[in-house]
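# After the sequence you'll find the predicted model.
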Amino acid sequence: MCIRDRYQRRVHGDRRLKIMGAYKYLEELWKKKQSDVMNFVLRLRAWEYRQLPTIHRCTRPSRPDKARRLGYKAKQGFVVYRVRVRRGGRKRPVKHGIVYGKPKSLGVVQLKPQRSHRALAETRVGRRVPSLRVLNSYWVAQDGTYKYYEVILVDPFHKAIRRDGSINWISNPVHKHREQRGLTSIGKRHRGLRAKGHRDNKKRPSRRSNYLRRNRISLRRYR
């Protein structure tokens, strides 16, 4: 019996406690973002990210526990990019704030985009490096002006990826620019595909195709 087991048995009796690993400790730290430690760390990181370009490659993930849960592996073929997105709603892009149309569409400010900031971040990174495939993304920091995200990308032509049975699905051509078609996790969220069952009767395979199927008159020819 090792010293750690003796200590646990002396303190907790025969009831063994589950020992947390390093990634579990990181996960618990990130759950308390308003603690003194995380408040200080996030303030420093936000200052650092402000000095860097809008889209840049990271040497390693800022949140390794989160990146691993989303599919990242520290091996060849995986890349992490950091991107910042300006916070706030979406102002209607019209000249002099004049909307020529019906009164219901006259709003210019206080409009909210359909897609989230994280989905927008994935799209911008996907355009910057079109040869890579976007796997997933996560939040890392924010300040009064920007939100900062890290996007996990995969090289679909790398041998280490094509030979890995758990990730080589992303090498198929149907996954080109999946972030621009709402196929990533955050993309399915703003499409309303997180819910399943009776709550998504009019959402699958998409709102548009479902609407057209229910409202199209099909007059089959008698042959």
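Perfect, thanks for sending it. Residues are numbered from 1 along each chain as shown.
# Quick check: which ranges of this structure have low pLDDT?
1-18 (pLDDT under 70).
# Break down it into its strands, ranges please.
Using DSSP state E, the strands of the chain run over residues 55-57, 78-86, 133-142, 146-154.
# Extract the C-alpha set from the third one and format it as PDB.
Spelled out, that is strand 133-142. Extracted C-alpha coordinates of strand 133-142, given in PDB (Å, rounded to 0.1, in the frame of the first residue of the first chain):
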ATOM      1  CA  ARG A 133     -11.000  21.700 -42.000                       C
ATOM      2  CA  VAL A 134     -12.600  23.300 -38.900                       C
ATOM      3  CA  LEU A 135     -13.200  20.700 -36.200                       C
ATOM      4  CA  ASN A 136     -14.500  22.800 -33.300                       C
ATOM      5  CA  SER A 137     -13.900  26.000 -31.300                       C
ATOM      6  CA  TYR A 138     -14.100  27.400 -27.700                       C
ATOM      7  CA  TRP A 139     -14.000  30.700 -25.900                       C
ATOM      8  CA  VAL A 140     -10.800  31.800 -24.200                       C
ATOM      9  CA  ALA A 141     -11.100  35.500 -23.200                       C
ATOM     10  CA  GLN A 142     -13.000  38.700 -23.700                       C
END
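# now the angle between strand 78-86 and it, please.
With axes from the mean of the first three to the mean of the last three C-alpha atoms, to 10 degrees defining the directions, strand 133-142 sits at 50 degrees from strand 78-86.
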